[in-house]
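# This is the structure alone, sequence omitted:
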């Protein structure tokens, strides 16, 4: 009888241990599920933040961003001699037949709020730029506009050549500022210095 009771109590202990293990496993699975859900949420939030950052033009100028900028500039035009009171709608109406327009920018003076007299226009397709350039000299508000490809702006250190430190005469200054000759009075009683006569 004692051995039968021991066997029953032993099997009960085993069953309870298995149930406990199953419960622990269930809790671990629940924890794993919540962690995966949190990870998915974090990925979605990061994607939204990246999208907002890209829209606002934030972040460092990575090589891919520079390539994107150059590609965008290839689809854009510069419009000069634009009337100061010209609106975005007028420019859109003028260039609408060239192709689909992504953006029109009319820069304004930050102090006065007055337009600067030029504009940038970005097309969806690169082929539209050639059609738009054909409108060079077109009259807009009785002014002949200038239409050319938009150039890609580069930082000054990429445009100007580096001079290095150099040695000897000139020391890196451009030609008009290079020192020449011996200079003025150097002292002594030479034949060139006569203070009293």
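Received, thanks. None of the values given here were measured: they were computed from a predicted structure.

# mind showing which ranges of this structure have poor pLDDT?
Counting by pLDDT under 70, the chain shows low-confidence ranges at 1-28, 54-65, 158-159, 161-194, 197.

# Now do the strands in it.
76-80, 101-105, 119-123, 139-140, 143-144, 146-149 (DSSP state E).

# Any chance of TSV for those strands, columns distance to residue 93 and mean neighbour count?
C-beta: built from backbone N, CA, C; applies to glycine. Formatted as TSV, the strands of the chain follow (distance: least, Cβ to Cβ, whole Å; neighbours: other Cβ atoms under 10 Å):
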stretch	distance to residue 93	mean neighbour count
strand 76-80	13	20
strand 101-105	10	15
strand 119-123	12	20
strand 139-140	10	12
strand 143-144	16	13
strand 146-149	15	16
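
# Could you dump those strands into CSV and include distance to residue 68?
Converted to CSV, these look like this (distance: least, Cβ to Cβ, whole Å):
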stretch, distance to residue 68
strand 76-80, 12
strand 101-105, 13
strand 119-123, 12
strand 139-140, 30
strand 143-144, 33
strand 146-149, 17
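
# show me what contacts residue 102?
75, 122-124 (Cβ atoms under 8 Å, 6 or more residues apart in numbering).

# Spell out, range by range, the helices that occur in the chain.
2-56, 63-74, 88-95, 127-133, 156-159 (DSSP state H).

# Show me which positions of the fourth one end up buried.
Translated: helix 127-133. 128-129, 132 (16 or more other Cβ atoms under 10 Å).

# Need the residues that contact it.
74-77, 95, 97-100, 121, 123, 147-149.

# The same query, at a cut-off of 10 Å, please.
74-77, 79, 94-95, 97-101, 121-123, 125, 138, 147-150 (Cβ atoms under 10 Å, 6 or more residues apart in numbering).

# With residue 144 as the reference, measure out to residue 80.
Distance from residue 80 to residue 144, counting by Cβ to Cβ, to the nearest Å: 10 Å.

# Now the common contact residues for those two.
residue 136.

# Give the burial count for residue 88, as a bare number.
Counted with other Cβ atoms under 10 Å, residues neighbouring residue 88 total 14.

# Look up which residues are beta-bridged to the residue nearest to it when sequence neighbours are not counted.
Nearest residue to residue 88 in three dimensions, chain neighbours excluded: residue 104, at 4.9 Å (Cβ to Cβ, 6 or more residues apart in numbering). Legend: beta-bridge partners of residue 104 under DSSP bridges are residue 121.
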